[in-house]
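Trainee: Okay, sequence plus prediction incoming.
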Amino acid sequence: MSKNATFADQPGRPALFYGWIVVASAFATTFVGFGSAYTFSAFLNALQAEFAASRGSVSLVFSLAGFLYFALGVLSGPLADRWGARRLLVAGMVLTGAGMALAGMARTLGEVYAAYAIGIGVGVGLAYVPALGTIQRWFVRRRGFASGLAVSGIGVGTLVMPPLAAFLIDHWGWRTAYLVLGVGAVVVGVGMAMLVADDPRDRGLWPDGDLAPPAPVAGTTAASPAGFGLMEALKTRRFAALYVACMLCSFGLFVPFVHLVPYALDQGIAQTSAVLLLGAIGVGSTAGRFFLGNVADRMGREPALILMYAGMAASLLVWLLSIGLWGLAVFALVFGVFYGGCVALLPALVADYFGGKNIGAIIGVLYTGVAIGTLVGPTAAGYIFDATRSYSLVIVASIGGNLVAAAIMWAVARWSRSGGAA
């Protein structure tokens, strides 16, 4: 068979490779989980008014949930490697929906903290890393593209869920909005989570739907197909560099998801237009995940990740210099593209470096760095705003973090070319 033969050219292959069903399941669970989490900006002003709270203290609601859903990957990743991803995804979707509903019943800000942390924080934490880890086992040649499609659920969720939340808040109040979103999360999330499957070999298949074991892919390591052990991977320079780069990027990564809408409202922009800025991040993010993952499969995932970090830094500069709706819309769209591309690339790059056997555990540990940045960044931004009435210092720090992350990955790429990256 020709090296360039298409899927349909290969006799014996099913009409639809089940890996794409797994991608659809991961898409739906990331749509529900992160879409639910990213509605928070639409609720921020209502929560401030309801509980007479500062912007910093309300921002901590999101930061606690974000810390948990990234930090818990260190547990959910190994559990998925051992038990399978399906039961974790189902439990995560149930908790996410319950957390939204309970937040709508909260009588104190502390109860909102608990509902978000236990519900969305733990719920997304149980589902996210297992969903990503599973995709890496189903694909090799098209790993970046498949990962991008799966996590584009985050981008579409960011596009759809915040405007839907704003509509529900305007018509029925924030408490009913949370209840409606919670019920929807359970129905859609659990239904799609039931479709996930852990390994193509369990169905008599090979990655990418091939009829034989895959040949080594250009740009991957020469590690055995089983991959690195967890402790073996953690001792490498590549892992240490990725960890620091992810943490530095994450200090500013989620600030727009919490503070862009309040920032726009402070500039006199109408609520309906301000919420659409999150939708613009979602549009850009979806495009970035869909297209840049595929581009990275061709140009190499290391240089592509450097481009993502540099692009986020440049987009944040646009935010710093913007006044008015259109400037913020340009920022949101461009930021979304590079943020989405970054999220799509990371799991595929980890699989390239360390193999697939312990991919869930390795990604889970890596994302504890993201958790630290998520906990500190949005909350610090809120308190800095309370003290200075400005986000300028926060945005400058976010630009710096992304530039340093890009420099770190540039060093990793140099190690790779010299054969000394391990």
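Mentor: Perfect, I can see it now. Numbers count the residues shown, from 1 in each chain.

Trainee: Would you point out the helix or strand in this structure whose mean pLDDT is lowest?
Mentor: helix 293-299 (a mean of 73; mean pLDDT, DSSP states H and E).

Trainee: by contact count, what packs against that helix?
Mentor: helix 143-172, helix 301-321, helix 325-354 (3 or more Cβ pairs under 8 Å, 6 or more residues apart in numbering; DSSP states H and E). Placement of C-beta: from N, CA and C, glycine included.

Trainee: Recalculate using a threshold of 7 Å.
Mentor: helix 143-172, helix 325-354 (3 or more Cβ pairs under 7 Å, 6 or more residues apart in numbering; DSSP states H and E).

Trainee: Among those helices, which comes closest to Phe70?
Mentor: helix 325-354 (11.5 Å; Cβ to Cβ).

Trainee: Quick check: mean pLDDT of that closest one?
Mentor: For helix 325-354, the mean per-residue pLDDT is 90.

Trainee: got it, and stretch 148-158?
Mentor: So the average pLDDT for stretch 148-158 ends up being 84.

Trainee: For it, give me every contacting residue.
Mentor: Here stretch 148-158 makes contact (Cβ atoms under 7 Å, 6 or more residues apart in numbering) with 23, 26-28, 30-32, 34-35, 38, 131-132, 135, 278, 281-282, 285-286, 289-290, 292-294, 336, 340, 343-344.

Trainee: ok, for the spatially most central residue of the chain, nearest residue in space, not its chain neighbours?
Mentor: The chain has Val343 as the residue nearest its centroid, 5.4 Å off, counting by Cα atoms, centre = their mean. Once flanking residues are discounted, Val343 sits nearest to Val151: 5.2 Å by Cβ to Cβ, 6 or more residues apart in numbering.

Trainee: Could I get the buried residue list for stretch 229-238?
Mentor: Leu230, Ala233, Leu234, Arg238 (16 or more other Cβ atoms under 10 Å).

Trainee: Just give the closest residue to Ser250, not the sequence neighbours.
Mentor: Gly373 (2.6 Å).

Trainee: unless I'm mixing things up, that neighbour is touching Met247, no?
Mentor: Yes: look at Gly373 against Met247 with Cβ atoms under 7 Å: they come within range, at 5.1 Å.

Trainee: These two - which one has more neighbours?
Mentor: Counted by other Cβ atoms under 10 Å, Gly373 and Met247 do not tie: Gly373 has more neighbours, with 25 against 21.

Trainee: what about Ile269, is that helix, strand or coil?
Mentor: coil (DSSP: H, G, I helix; E, B strand; the rest coil).

Trainee: Next, the contact list for it, please.
Mentor: Residues in contact with Ile269 (Cβ under 7 Å, 6+ apart) are Leu325.

Trainee: again, only this time at 8 Å
Mentor: Applying Cβ atoms under 8 Å, 6 or more residues apart in numbering to Ile269 gives the contacts Gly324, Leu325, Leu328.

Trainee: out of the helices and strands packed on helix 293-299, which comes closest to Leu79?
Mentor: Here helix 325-354 is closest among the helices and strands packed on helix 293-299 (Cβ to Cβ), at 17.0 Å.
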